[in-house]
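Asks: Here you go, sequence then predicted model.
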Amino acid sequence: MASGVKPRVKVPKTAAAGEVITIKTLISHQMESGQRKDKEGNVIPRSIINRFTCDFNGQNVIDVTLEPAISTNPYFQFEATVPEAGEFVFTWYDDDGSVYDTKKQIAIG
Amino acid sequence: MNFSRRETLALGLGAAALTVLPVRSSAAADDAIAAFTGGAEMGEGGITLTAPEIAENGNTVPIAVDAPGAASILIVAAGNPEPGVATFNFGPMAAAQSASTRIRLASTQDVVAVAKMADGSFTRASATVKVTIGGCGG
């Protein structure tokens, strides 16, 4: 399942140096748990995003391991420190080997 | 088969004890926690797990964890077919060791959060969530 996967990230455009900002991320994904069955009673195979990472200028902010118990369209909210202007890189790793990423610039101002 | 008065009493007591003792966590959940802690003792306090008391829809239950000074936090849902939920590892740029997400819960159960502190100690918190409609399908 790699169709229609669309990451959405909310990061402020500017921040004061050293400020703590809140980041919200959402990615559209089925997160098929591997527990459900189709009409014929066959188990639908598991297909989830198993890892999510966020880095700022090459330094890690958060690294999450996801299990099937994470809801459809995985959502995360967390906090990061912004010591300087730079770039946040968000990466999601799919069970099928796909990697989705998105980047957000942040300026000091 | 004849029961003496003594045996009958003992049986009754045993049955009562079984009903009263809450079956709180499954063996799989304990295994998941043990794999995370390496069997170390877990303290209380220093970690906050925020979850709703009643979740109408088990498919999306919002939860939040906050453990100042934690290196990583493990979330376990003991009543799910697979107890593991998520593991948060915090990097050097994380401002606070807190995060929130949405999880699936199959039925009314305890959600447990275990934090590994920077000094290597472990602490845990749990919250009971009543689920009206389970979120695992089938």
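Replies: Received, thanks. Numbers count the residues shown, from 1 in each chain, chains lettered A, B, ... in the order given.
Asks: Name the nearest residue to residue A:4, sequence neighbours excluded.
Replies: residue A:28 (6.2 Å; C-beta to C-beta, 6 or more residues apart in numbering or on different chains). (Glycine included, C-beta is placed from N, CA and C.)
Asks: From residue B:135, how far off is that neighbour?
Replies: 18 Å (C-beta to C-beta, to the nearest Å).
Asks: Buried residues in stretch B:85-98, which are they?
Replies: Under the neighbour-count criterion of 16 or more other C-beta atoms under 10 Å in any protein chain shown, stretch B:85-98 has B:85-91, B:93-98 buried.
Asks: Please list which of those also come close to chain A.
Replies: B:85-91, B:93-96, B:98 (C-beta under 8 Å from any C-beta of the partner chain).
Asks: Which pLDDT value goes with residue A:86?
Replies: You'll see residue A:86 listed with a pLDDT of 92.
Asks: Contacts only, for it.
Replies: Contacts for residue A:86 (C-beta atoms under 8 Å, 6 or more residues apart in numbering or on different chains) come out as A:56-57, A:105-106.
Asks: so how far is stretch A:80-91 from its chain's centroid?
Replies: Taking C-alpha atoms, centre = their mean, to the nearest Å, one finds the center of stretch A:80-91 at 14 Å from the center of the full chain.
Asks: Any buried residues in that stretch, and which?
Replies: Judged by neighbour count using 16+ other C-beta under 10 Å, the buried positions of stretch A:80-91 are A:80-82, A:86, A:88-91.
Asks: Let's see stretch A:57-77 as PDB, backbone CA atoms only.
Replies: Taking C-alpha atoms only, stretch A:57-77 is exported to PDB below (Å, rounded to 0.1, in the frame of the first residue of the first chain):
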ATOM      1  CA  ASN A  57      20.300  20.000  10.800                       C
ATOM      2  CA  GLY A  58      21.400  16.400  11.000                       C
ATOM      3  CA  GLN A  59      20.700  16.000  14.700                       C
ATOM      4  CA  ASN A  60      18.000  13.700  15.900                       C
ATOM      5  CA  VAL A  61      14.900  15.100  17.500                       C
ATOM      6  CA  ILE A  62      12.700  12.100  17.900                       C
ATOM      7  CA  ASP A  63      12.800   8.500  16.500                       C
ATOM      8  CA  VAL A  64       9.600   6.600  16.900                       C
ATOM      9  CA  THR A  65       9.100   2.800  16.400                       C
ATOM     10  CA  LEU A  66       5.500   2.200  15.300                       C
ATOM     11  CA  GLU A  67       3.500  -1.000  15.900                       C
ATOM     12  CA  PRO A  68       0.200  -2.000  14.300                       C
ATOM     13  CA  ALA A  69      -1.600  -0.400  17.300                       C
ATOM     14  CA  ILE A  70      -0.900   3.000  15.900                       C
ATOM     15  CA  SER A  71      -4.100   4.500  14.300                       C
ATOM     16  CA  THR A  72      -4.700   5.000  10.600                       C
ATOM     17  CA  ASN A  73      -3.100   8.200   9.400                       C
ATOM     18  CA  PRO A  74      -0.400   8.300  12.100                       C
ATOM     19  CA  TYR A  75      -0.200  11.600  14.000                       C
ATOM     20  CA  PHE A  76       2.600  12.800  16.200                       C
ATOM     21  CA  GLN A  77       3.100  15.900  18.200                       C
END
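Asks: That concludes my questions; thank you for your assistance.
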